[in-house]
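> Provided below for reference: sequence and predicted model.
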Amino acid sequence: MQTAQTGAAAKGGRIQKVRTTAYTHTEGSGPRNAIGKRLSGGVVKSAASDWSRFPLGTRFRLVGTKDEYVIDDYGGALIGTGTIDLYKTSRAAMNRWGVRHVEIQITHWGSEAESLKVLRPRQRARIVRRMIAGLEGKTQPRTASARAVPPRSL
């Protein structure tokens, strides 16, 4: 008997269940994503996440549909969560989506290095610092001696 995980591996992607919400360009963030390009509602649609969880460039499809997305945006409410915010082209479509727990098949894992390249110049924002810390925590091994060093006081 084949599980969803092994079936996905055979097709080249990992399947996982995630909480999704929806957003649109009229919500205040405007029509551009975090890398300065227009949000896409086309064949490959835009999505936002905490980049320390799903890095910039991660591509996935909603299982059971032909809808494909790429992580090219982030949002403050997503930081520290496993939620993915799916871009919808209208407020009505956004409202229809609401909140759904869906299975996604990851077809390409994004780049933590590219995520950091975009985020570092923006590190004055608290949410960006949290994503950077999460990404750096994955890439830099921690040793017992590094954890034992107390922070310097100012």
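That came through fine. Numbering: from 1, shown residues only.
> what comes up buried for stretch 107-118?
Within stretch 107-118, the residues that count as buried by 16 or more other C-beta atoms under 10 Å are Thr107, Gly110, Glu112, Ser115, Leu116, Val118. In this view, the C-beta of every residue, glycine as well, is placed from N, C-alpha and C.
> for the fifth one, give me its contacts.
Leu116 makes contact with Ile132, Leu135, Glu136, according to C-beta atoms under 8 Å, 6 or more residues apart in numbering.
> quick one: mean pLDDT over the helix or strand harbouring it.
In the assignment (DSSP states H and E), Leu116 maps to helix 112-119. For helix 112-119, the mean per-residue pLDDT is 97.
> just checking, next helix/strand downstream of that helix?
Assigned by DSSP H and E, the successor of helix 112-119 is helix 126-139.
> for that next one, packing partners?
Here helix 126-139 touches helix 112-119, going by 3 or more C-beta pairs under 8 Å, 6 or more residues apart in numbering; DSSP states H and E.
> ok and the helix it packs on relative to helix 126-139, angle-wise?
Per axes from the mean of the first three to the mean of the last three C-alpha atoms, to 10 degrees, the angle that helix 112-119 makes with helix 126-139 is 160 degrees.
> now do the SS call for Asp72.
Here Asp72 is recorded as strand under DSSP: H, G, I helix; E, B strand; the rest coil.
> can you count the residues close to it?
For Asp72, the count of nearby residues is 26 (other C-beta atoms under 10 Å).
> residues contacting the residue nearest to the spatial centre of the chain?
The residue lying closest to the centre of the chain (C-alpha atoms, centre = their mean) is Ser49, at 2.8 Å. By C-beta under 8 Å, 6+ apart, Ser49 lies in contact with Thr58, Ile71, Tyr74, Leu78, Thr83, Ile84, Asp85.
> out of those, who's nearest Arg32?
Nearest to Arg32 among the contacts of Ser49, counting by C-beta to C-beta, is Tyr74 at 12.6 Å.
> wouldn't that closest one be in contact with Ala48 here?
Yes. With contact defined as C-beta atoms under 8 Å, Tyr74 counts as touching Ala48 (5.3 Å).
> quick check, nearest of the contacts of Ser49 to Ala22?
The nearest member of these to Ala22, counting by C-beta to C-beta, is Asp85 at 6.7 Å.
> so that closest one makes contact with Thr21?
Yes. Using C-beta under 8 Å, Asp85 makes contact with Thr21 at a distance of 5.1 Å.
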